[in-house]
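1. Here's my sequence, what's the structure:
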Amino acid sequence: MKGGGRLNRMETLSDNTGTVCAVLWALAAAGMTWYCAVIARQITYITLADGRRQMRMLPLAFRLLLPLAQNFKPLFGRPVFNRAKESVARRLTSAGFEGLLAADEFLALNILMPSIFGLVLWVPFLRIAVEGAPRVLGAAAPVLYPLGFVVLFMCPVIWLRRALAARHASIQRALPFVLDLLTLSVEAGMDFMTALQRNNERCRVDALGEELIRVVREILLGKTRREALRDMAGRVNLLDLKSVVNALCQADELGVGIGAMLRIQSNQMRLRRFERAERLANQAPVKLLFPLVAFIFPAVFMILLGPTFAKLVKYLF
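-> The predicted model follows:
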């Protein structure tokens, strides 16, 4: 009787422990869900040079991990990381995230992404190790899971590269139109500074508009026009914009008319855009070759020979 009572108490204690663990797991899941919902609803901004705020969203995964990135500041504050931080800072500035995402925070995301989200990859890995798995999945697991960690480690770099390419493409699209407006304004009698201010007031604030607003503000604060334009070219790090800035600076140094130089640069930007469009059009058949071979030919094969193949299988089996 004593042994039976002790066994019942142990079973009751085990049931209570299981209930407590389930409640704790439910509370943890609810807390994580609430935290993710709050972070997802937040809107992040950058402050332009004239005080206006422009919405600039970071990926949700980055926003979830940024509070933990502060713990890595002592690590990335060492001199050995100075060169990497300078390179990342330049790329973040060119991509338009200056003031929103610091270089040490970006480097910390490279560690946090595989460290935090990589834990999710271990759940099926442990299940394979404990319960067993099909032969193919079990053989591929030692390769797939390290590959998943590498992909998570590279996610911030890939995101920054795509954001930088998108911002450069936006500036390339807007540059000929802005040059036309500046040309018309200057040839109508305005000086270059007034034309820039009028363009910033009337046009939509895009990537190029943000940089021009900063140029105007820096000139008003005491920088020369050449310094402000060259600083903009260095921040953006785009070849087309650098060529325009170099031409304007040379015209300013040599005393050449700004209107004529702007018209020449506008024509060159249009010619370059037309050449890029031609190059992309020539690349289209090559890019369509793989989908054509991978999807269209098998579909045509199944449509034409599918009934014959079905009759053959029915006849044989």
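
2. Quick check: buried residues in stretch 55-71?
-> Residues 56, 58, 61, 62, 64, 65, 66, 69 are the ones in stretch 55-71 that count as buried (16 or more other CB atoms under 10 Å). C-beta here means a position set from N, CA and C on the backbone, and glycine is covered the same way.

3. Would it be right to say that the second one lies in a helix?
-> Spelled out, it's residue 58. No: secondary structure of residue 58 (DSSP: H, G, I helix; E, B strand; the rest coil): coil, not part of a helix.

4. Give me the phi and psi angles of it.
-> Residue 58 has phi and psi values of phi -90, psi 160 when expressed as degrees, to the nearest 10.

5. where's it relative to residue 98, distance?
-> Residue 58 is 13 Å from residue 98, where distance means CB to CB, to the nearest Å.

6. Make TSV out of the buried residues of stretch 55-71 and add secondary structure.
-> Listed next are those as TSV, based on three-state DSSP:
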residue	secondary structure
56	coil
58	coil
61	helix
62	helix
64	helix
65	helix
66	helix
69	helix
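
7. and which of the residues you listed is nearest residue 296?
-> Proximity of the buried residues of stretch 55-71 to residue 296 (CB to CB) peaks at residue 61, which lies at 35.9 Å.

8. shouldn't that closest one be in contact with residue 112?
-> No: using CB atoms under 8 Å, residue 61 makes no contact with residue 112, being 9.2 Å away.

9. any idea of the mean pLDDT for stretch 112-119?
-> Average pLDDT, stretch 112-119: 81.

10. sec struct for the most centrally placed residue in the chain, please.
-> For the chain, residue 159 is the residue whose C-alpha lies nearest the centre (CA atoms, centre = their mean; 3.2 Å). Here residue 159 is helix, with the state taken from three-state DSSP.

11. contacting residues around it?
-> Going by CB atoms under 8 Å, 6 or more residues apart in numbering, residue 159 touches 59, 62.

12. Model confidence at it, what's the number?
-> 93.

13. Name the residues that touch stretch 203-220?
-> Residues contacting stretch 203-220 (CB under 8 Å, 6+ apart): 48-50, 52, 54, 96, 167, 170-171, 174-175, 178, 181, 193, 196-197, 199-200, 225, 227-229, 231-232, 235-236.

14. How far away from the center of its chain is it?
-> 22 Å (CA atoms, centre = their mean, to the nearest Å).

15. residues of it that come out buried?
-> In stretch 203-220, counting by 16+ other CB under 10 Å, buried: 206-219.

16. Helices of the stretch 1-150 of the chain, start to end?
-> Listed in chain order, the helices of the stretch 1-150 of the chain (DSSP state H, counting those that start in this stretch) span 2-41, 60-69, 73-76, 82-95, 103-112, 118-131, 135-187.

17. for the stretch 151-300 of the chain, same thing?
-> 192-202, 207-220, 225-236, 239-254, 258-291, 297-316.

18. among these, which is nearest residue 92?
-> Using CB to CB, the nearest of the helices of the stretch 151-300 of the chain to residue 92 is helix 225-236, at 10.6 Å.

19. elements contacting that closest one?
-> Counting contacts by 3 or more CB pairs under 8 Å, 6 or more residues apart in numbering; DSSP states H and E, helix 225-236 packs against helix 82-95, helix 207-220, helix 239-254.
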